[in-house]
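Peer 1: Okay, here's the prediction I keep looking at, along with the sequence it came from:
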Amino acid sequence: MMDYDIVIIGAGPAGMAAAIEAKRSGAGSVLVIDRDIETGGILNQCIHSGFGLHMFSEELTGPEYAERYSKALKESGAHVMLDTMVMGLQCDGREKTVRAINPVSGIMEIQAKAVILAMGCRERTRGAIQIPGDRPSGVLTAGTAQRYVNIEGYRIGKKAVVLGSGDIGLIMARRLTLEGAKVLACVEIMPYSSGLNRNIVQCLDDFSIPLLLSHTVTKIVGRRRLEGVVIAEVDSERKPVAGTERFVECDTLLLSVGLIPENEITDGAGIELDPRTRGPFVDGSMETSMEGIFACGNVVHVNDLADHVSLEGERAGRSAAEYVRAGADAPGRQIGVLAGTGVSYIVPQHLSEGISSGTTELSFRADRVFKNAYLIVRSESGAVLKKVRRPRITPGEMERISVRNDIIDNAVDITISIEEV
């Protein structure tokens with residue numbers, strides 16, 4: 001039986017940042033577990049730039065960003081266990097048990113005073129969206145295609161269509177173009193893109209790749225290899241409009257249709273999940289509904305930027321170190337953080353009474369596109385606690401707002417709304 005102060009599940013940007021900050025905050029023994037054979041997670045296949053602007057004040061590629069954190073993780077003194085699969089998590093009061101397995105040690109039981117969940121997220125597949133048609137080769141998720149091209153060195157196709165306008169799909173549209181393929185279109189079922197605006201400009205507009213909004217793929221054609229797809233317009237209820245179908249010849253279809261937080265371990269441990277984010281409910285310290293278990297990054301909610309993932313990891317690492325040092329506080333009044341008009345979800349979902357110093361940062365997404373709108377934070381009485389103007393708000397870009405804790409502390413709950421001017 002191995003014993004650690006803190007065990008962190010996942011060695012991506014969230015897990016590495018959590019371990020480094022936990023050690024910096026005085027934690028004794030810290031163990032990071034990951035099923036991959038190297039640290040860095042998905043960053044290792046993201047060879048494009050755009051990382052590190054917030055954390056390092058310079059633009060880095062994904063591997064460069066991962067390398068900096070991997071080096072800092074090694075220097076921190078935290079232990080790292082790779083090629084290891086976590087099978088389950090059990091909590092018995094102050095003692096947590098992580099069950100894991102690897103080829104060297106076999107099945108292990110690891111005791112921890114605190115656990116940080118940082119497993120990241122996974123892609124939705126064709127089965128999740130149920131496109132009819134055959135099952136030929138050439139239909140891939142965008143992340144799988146990214147690994148094949150950037151790490152394995154394969155050329156996956158010559159004529160491609162991208163379904164969905166998530167950031168990975170947009171980036172892969174550009175990547176395939178640079179590899180010599182012809183990307184015929186990026187097809188999005190919503191009337192707006194689900195990716196960052198900068199990726200629309202840099203990955204589609206700069207390469208003259210059309211973005212077809214309010215369209216979807218209704219059929220996959222081909223037996224052994226993909227021969228083409230049928231694209232149709234959709235109505236306001238996202239149902240195909242009869243008579244708008246057209247066949248597009250292609251040999252590759254990339255799916256960029258959403259990411260799902262990886263929470264099988266979380267759910268199996270009995271931790272409460274938010275049906276909107278599909279991640280655990282957390283408070284301002286990133287603690288879940290189970291005492292001493294914290295969560296951060298894309299396992300809580302899908303972030304746009306690795307920098308924001310790292311910031312959440314730091315918050316979880318500090319909180320876990322404080323929990324190990326001081327123990328759990330007596331349960332106090334919870335301040336609810338509610339999604340109001342125009343908001344699909346908010347993280348954290350509640351705050352604890354007595355957070356009088358500093359500010360609390362709230363992350364949330366809009367449920368539609370707003371132009372010239374206000375972000376408004378209100379108390380349960382309707383009093384406006386904060387009001388910020390934004391020229392444009394879209395679901396594809398996560399919003400963040402900081403609110404003074406001394407104001408929040410006096411509220412029963414707070415609500416964030418988006419209201420157009």
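Peer 2: Looks like it came in fine.

Peer 1: C-alpha from now on. contacts and neighbour counts both.
Peer 2: OK.

Peer 1: mind listing what the most centrally placed residue in the chain touches?
Peer 2: A centroid search over the chain (C-alpha atoms, centre = their mean) returns V302, at 2.4 Å, as the residue closest to the centre. With contacts defined as C-alpha atoms under 8 Å, 6 or more residues apart in numbering, the neighbours of V302 are C121, L259, I260, P261, T277.

Peer 1: helix, strand or coil for it?
Peer 2: When classified by DSSP: H, G, I helix; E, B strand; the rest coil, V302 comes out as coil.

Peer 1: and it, what are its phi and psi?
Peer 2: phi -80, psi 120 (degrees, to the nearest 10).

Peer 1: what's the distance between it and F364?
Peer 2: Counting by C-alpha to C-alpha, to the nearest Å, the separation of V302 from F364 is 10 Å.

Peer 1: repeat for T277
Peer 2: 10 Å.

Peer 1: shared neighbours of the two, anything?
Peer 2: Overlap of the contact sets of T277 and F364 (by C-alpha under 8 Å, 6+ apart) consists of Y345.

Peer 1: can you list the weak-confidence ranges in the protein?
Peer 2: 328-332, 354-357 (pLDDT under 70).

Peer 1: quick one, helices of it?
Peer 2: 13-24, 62-76, 126-129, 142-147, 167-178, 197-199, 264-268, 306-326, 405-408 (DSSP state H).

Peer 1: Tell me the buried residues in the top strand by length along the chain?
Peer 2: For the chain, the longest strand by residue count, based on DSSP state E, is strand 106-117. Neighbour-count burial for strand 106-117 flags M108, E109, I110, Q111, A112, K113, A114, V115, I116, L117 (criterion: 16 or more other C-alpha atoms under 10 Å).

Peer 1: Spit out the contact partners of the fifth one.
Peer 2: Going by C-alpha under 8 Å, 6+ apart, A112 touches D3, Y4, D5, I6, V7, E95, K96, T97, V98.

Peer 1: Could you pick out the buried ones from those residues?
Peer 2: If we count by 16+ other C-alpha under 10 Å, the contacts of A112 have these buried: D3, Y4, D5, I6, V7, K96, T97, V98.

Peer 1: returning to that earlier point: who does the longest strand of the chain pair up with?
Peer 2: Strand 106-117 has the following strand partners under DSSP bridges: strand 2-9 (parallel), strand 95-102 (antiparallel), strand 293-295 (parallel).

Peer 1: count of neighbours near A160?
Peer 2: Using other C-alpha atoms under 10 Å, A160 has 26 neighbouring residues.

Peer 1: no no, Y148
Peer 2: 15.

Peer 1: go on, R276?
Peer 2: If you count neighbours by other C-alpha under 10 Å, R276 ends up with 10.

Peer 1: and the nearest residue to it once chain neighbours are set aside, how many residues sit next to it?
Peer 2: Leaving aside its chain neighbours, R276 sits nearest to Y345 (6.4 Å; criterion: C-alpha to C-alpha, 6 or more residues apart in numbering). By the criterion of other C-alpha under 10 Å, Y345 has 22 neighbours.

Peer 1: now Y345, which residues is it bridged with?
Peer 2: Assigned bridge partners for Y345, using DSSP bridges, are R365.

Peer 1: Domain parsing of this structure, as residue ranges.
Peer 2: 1-123+260-329, 125-257, 332-421 (automatic domain parsing).

Peer 1: Give me whichever of the ones you listed is most buried.
Peer 2: Comparing the domains of the chain by mean neighbour count (mean count of other C-alpha atoms under 10 Å), domain 1-123+260-329 ranks first with a mean of 21.

Peer 1: so can I have TSV of the helices of the chain showing distance to P136?
Peer 2: TSV is the format used below for those (distance: least, C-alpha to C-alpha, whole Å):
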stretch	distance to P136
helix 13-24	35
helix 62-76	31
helix 126-129	12
helix 142-147	15
helix 167-178	20
helix 197-199	29
helix 264-268	30
helix 306-326	34
helix 405-408	55
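
Peer 1: closest one to H48 among those helices?
Peer 2: helix 62-76 (6.6 Å; C-alpha to C-alpha).

Peer 1: what about E67, distance to I20?
Peer 2: Per C-alpha to C-alpha, E67 is found 14 Å from I20.

Peer 1: now R94
Peer 2: According to C-alpha to C-alpha, R94 stands 23 Å off from I20.

Peer 1: still on that earlier bit, quick one: the residue nearest to R276 and G279 touch, right?
Peer 2: No. Y345 lies out of contact with G279 (C-alpha atoms under 8 Å); the separation is 11.1 Å.

Peer 1: How far away from the center of its chain is stretch 230-237?
Peer 2: Centre-to-centre, stretch 230-237 and its host chain are 28 Å apart (C-alpha atoms, centre = their mean, to the nearest Å).

Peer 1: And for it, what's in contact with it?
Peer 2: By C-alpha under 8 Å, 6+ apart, the residues outside stretch 230-237 that reach it are 189, 214-221, 240-241, 244-248.

Peer 1: Which of those lies at the shortest distance from L255?
Peer 2: L255 has its nearest neighbour among the contacts of stretch 230-237 in V217, at 10.3 Å by C-alpha to C-alpha.

Peer 1: what sits against that closest one?
Peer 2: Contacts for V217 (C-alpha under 8 Å, 6+ apart) come out as I131, L163, V187, V229, V230, I231, A232.

Peer 1: can you check H301 too?
Peer 2: P261, T277, R278, G279, V347.
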